[in-house]
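Visitor: Got a sequence here, can you model it:
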Amino acid sequence: MTKKYLSVLLCAVILISVFSACAAKKNDGYDHTLVTETTTQLATDETGFKLSYSQSDSLNPFSTKTLNNQVVETLVFDSLFVLDDSFEAQPSIATSYSYENEKTLNVVITSGIVFSNGDRLTAKNVVSSFNKAKDSPHWKNMLSGISSASAVSDTAIKFKLSHNNPNAHNLLTFAIASSKTDKNGYPIGSGRYKFEKGNGTVLLTVNDKREDFTPHFTKIPLVNITSEDSIENAINIGNVSYVYRDLNRGGDRKMQCNKKAVNLTNLVFIGINGFSGITKNSDIRRAVSLAVDRDTIVKSAYRGYAKSTTSPFHPNSKLGKTAQIFTAKADLAAAKQAINQSAVKEKDLKLDILVNKNTDRIAAAKLIKQQLETAGFKVTINQTSNKDYYSKLKSRSFDIYIGETRIPGDMNMNSFFTSNGITNIGIDLKNSETAKAYSSYLSSNGEIGSFVLSFSQEMPFIPLVYRQGMICYSKSMQGDMQGYVDNYFSNIEDWYYN
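Guide: Residues are numbered from 1 along each chain as shown. So this is what the prediction gives:
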């Protein structure tokens, strides 16, 4: 046989063997039909996706006052880190961080990053942006625990902390901007989009210096809408495609769109007068906490847009998962037992709940009244104007009150346990073992477990729920819509219209 004949014969044998093998497996329960995969390239979109903004407010991230513009700006400006759903810092332009000592944090940024105008982004830009953010309305409170920043090199920054804080890197989510503006006077960032002047409006266009970003929405018109009611109407009728609402005054019922909850660090709590009255008794304070059903408050007062918390820390956070003090459900038997241990007479089991004119907190106060009365308390609700509310807090003219505060991303509780904290009202800091335990934990001389134990015994305030915000987007939009606090467009490159 010739070599050519042998080659042809060999090919024939192989083909026969392959088809025989397939035929032999036809009864094995599997479908052996060959399928050719096809992919469809989605067209880019320059007009369909619209966002709202406030024309009367600044687009400079360090001057912005409206939530409207703060949301838009997260597409234009990068930060060192972004927080995920567990409030853990994920690198954005940072590559690493380390603690030189308890009050010094070092951060290294990616080399070679440029702003949308082509200028190089260096550590000096980070320091300049930090100093502006520290004085800004949006980040001022969050950055109060960091005293200064300095550039060590083009890619290294040293942050000095005002107190010991092992989680200070979680605070570095402020916007980083160039010191320049573009030809239209718009601020310049290194983010996924940049500001551009449109036909009588402002556009977001893709930052062409970002080769790693190829979205379907290449141009995003910004629609001037100011009032909250107008924004809600705009999403309902399709004038805008996507909004974020922090739900600080409800409003979720009015919005006809696809909705997604966003975890916030806004803690709703019962503040307690620990200086006078029956609430000076730690057993009474524990009884109040045990009588409250947090899950009911989530479902009824906050319509599901909140998370019950079983410690002072957010339940999604690392500390919240390890430091659980009580249950989300009410324990009436334990509450009544704590009342008995208090030795407070039945006729004196009277509590007044102070609450301001916030719809959700009023609803929570009414539920708490019912729950406390089931445990044996006689309860009244004192609903006041904001002015009278803060006046009564300042003079300690209350038994308990419903409060809300935004906890920093590092889950720091100094607001409750230091003399200059804005939520320490009613806490006897001089005699508080919990305050001492927390200070010891921050200084690395104590364990978090000691703080948790002291808190559960003393109950200086009563954590209820962590409130949530809401992403609301057009029903015709597709994609796995992911978004987190201060990172609302996490995966916008995957979003598209049918």
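
Visitor: tell me which element residue 470 is part of?
Guide: strand 461-473 (DSSP states H and E).

Visitor: For the helix or strand just after that strand, what does the pLDDT average out to?
Guide: Downstream of strand 461-473, the next assigned helix or strand under DSSP H and E is strand 477-478. For strand 477-478, the mean per-residue pLDDT is 91.

Visitor: now stretch 488-498
Guide: 92.

Visitor: Buried ones in it, by neighbour count?
Guide: In terms of neighbour count (16 or more other CB atoms under 10 Å), stretch 488-498 has its buried residues at 488, 489, 490, 492, 493, 495, 496, 497. C-beta here means a position set from N, CA and C on the backbone, and glycine is covered the same way.

Visitor: now those residues in CSV, with distance to residue 318 and secondary structure?
Guide: Output for the buried residues of stretch 488-498, formatted as CSV (distance: CB to CB, whole Å; DSSP: H, G, I helix; E, B strand; the rest coil):
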residue, distance to residue 318, secondary structure
488, 23, coil
489, 25, coil
490, 20, coil
492, 27, helix
493, 29, helix
495, 30, coil
496, 35, strand
497, 38, strand
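
Visitor: how deep is residue 444 tucked in, by neighbour count?
Guide: Other residues lying near residue 444 total 10 when counted by other CB atoms under 10 Å.

Visitor: Look at it and give its secondary structure.
Guide: coil (DSSP: H, G, I helix; E, B strand; the rest coil).

Visitor: how close does it sit to residue 381?
Guide: The gap separating residue 444 from residue 381 is 43 Å, by CB to CB, to the nearest Å.

Visitor: Also residue 243?
Guide: Counting by CB to CB - residue 243 and residue 381 are separated by 33 Å.

Visitor: Ok, residue 100 next?
Guide: Residue 100 sits 51 Å away from residue 381, going by CB to CB.

Visitor: Same drill for those two, tell me which one is more crowded.
Guide: Using other CB under 10 Å as the criterion, residue 100 and residue 381 rank with residue 381 on top: 15 against 11.

Visitor: For the one helix or strand the more buried one maps to, buried residues please.
Guide: Assessed by DSSP H and E, residue 381 sits inside strand 378-384. Judged by neighbour count using 16+ other CB under 10 Å, the buried positions of strand 378-384 are 379, 382, 383, 384.

Visitor: average model confidence for the strand holding residue 470?
Guide: 96.

Visitor: ok, it: who's next to it in the sheet?
Guide: Note on strand 461-473: by DSSP bridges, its sheet partners are strand 242-245 (antiparallel), strand 258-272 (antiparallel), strand 306-308 (antiparallel).

Visitor: residues making contact with the helix or strand just after the second one?
Guide: Downstream of strand 258-272, the first helix or strand assigned by DSSP H and E is helix 282-291. Helix 282-291 is touched from outside by 270, 272, 274, 278-279, 326, 330-332, 334-336, 338-339, 341-344, 351, 371-372, 374-375, 377, 400, 456-460, 462, with contacts defined as CB atoms under 8 Å, 6 or more residues apart in numbering.

Visitor: mind running it again at 7 Å?
Guide: By CB atoms under 7 Å, 6 or more residues apart in numbering, the residues outside helix 282-291 that reach it are 270, 272, 278-279, 326, 330-332, 334-335, 338-339, 341-342, 344, 371-372, 374-375, 400, 457-459, 462.

Visitor: still on that earlier bit, now the strand holding residue 470, how far from the centre of its chain.
Guide: 9 Å (CA atoms, centre = their mean, to the nearest Å).

Visitor: Can you list the strands that the strand holding residue 381 pairs with?
Guide: strand 350-356 (parallel).

Visitor: circling back: please check the contacts of helix 282-291 and keep the buried ones.
Guide: Buried, going by 16+ other CB under 10 Å: 270, 272, 278-279, 326, 330-332, 334-335, 338-339, 342, 344, 371-372, 375, 400, 458-459, 462, out of these.

Visitor: in the protein, what secondary structure element scores lowest on mean pLDDT?
Guide: Sorting the helices and strands of the chain by mean pLDDT, DSSP states H and E puts helix 3-24 at the bottom, at a mean of 39.

Visitor: Whatever helix or strand comes next after that one - contacts with which helices or strands?
Guide: Of the helices and strands lying after helix 3-24 in sequence (DSSP H and E), the nearest is strand 51-53. Contact here means 3 or more CB pairs under 7 Å, 6 or more residues apart in numbering; DSSP states H and E; on that basis strand 51-53 packs against helix 67-73, strand 219-224.

Visitor: Return the distance of the longest one from the chain's centre.
Guide: It stands for helix 67-73. 15 Å.

Visitor: That helix - what's its average pLDDT?
Guide: 95.

Visitor: now could you export just the CA positions of that helix as CSV?
Guide: What follows is helix 67-73, C-alpha atoms only, in CSV (Å, rounded to 0.1, in the frame of the first residue of the first chain):
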residue,chain,number,x,y,z
LEU,A,67,-28.1,63.7,47.1
ASN,A,68,-29.0,64.1,43.4
ASN,A,69,-25.6,65.3,42.5
GLN,A,70,-23.7,63.2,45.0
VAL,A,71,-25.0,60.1,43.2
VAL,A,72,-24.1,61.3,39.7
GLU,A,73,-20.6,62.3,40.9
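
Visitor: which strands and helices sit next to that helix?
Guide: By 3+ CB pairs under 7 Å, 6+ apart, helix 67-73 packs against strand 51-53.

Visitor: how far is the strand it packs on from where the chain is centred?
Guide: So, by CA atoms, centre = their mean, the centroid of strand 51-53 is 20 Å from its chain's centroid.

Visitor: neighbouring contacts of that strand?
Guide: Strand 51-53 is contacted by residues 68-69, 72, 202, 220, 222-225, 231, 234, 240, 242-243 when judged by CB under 7 Å, 6+ apart.

Visitor: Buried subset of those residues as a ChimeraX selection?
Guide: Buried members of those, defined by 16+ other CB under 10 Å, are picked up in ChimeraX with:
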select :68,69,72,202,220,222,223,225,231,234,240,242,243
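
Visitor: need the contacts of strand 51-53 in CSV with distance to residue 96, can you?
Guide: Shown next, in CSV, are the contacts of strand 51-53 (distance: CB to CB, whole Å):
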residue, distance to residue 96
68, 34
69, 31
72, 30
202, 36
220, 33
222, 35
223, 40
224, 41
225, 41
231, 39
234, 42
240, 38
242, 33
243, 35
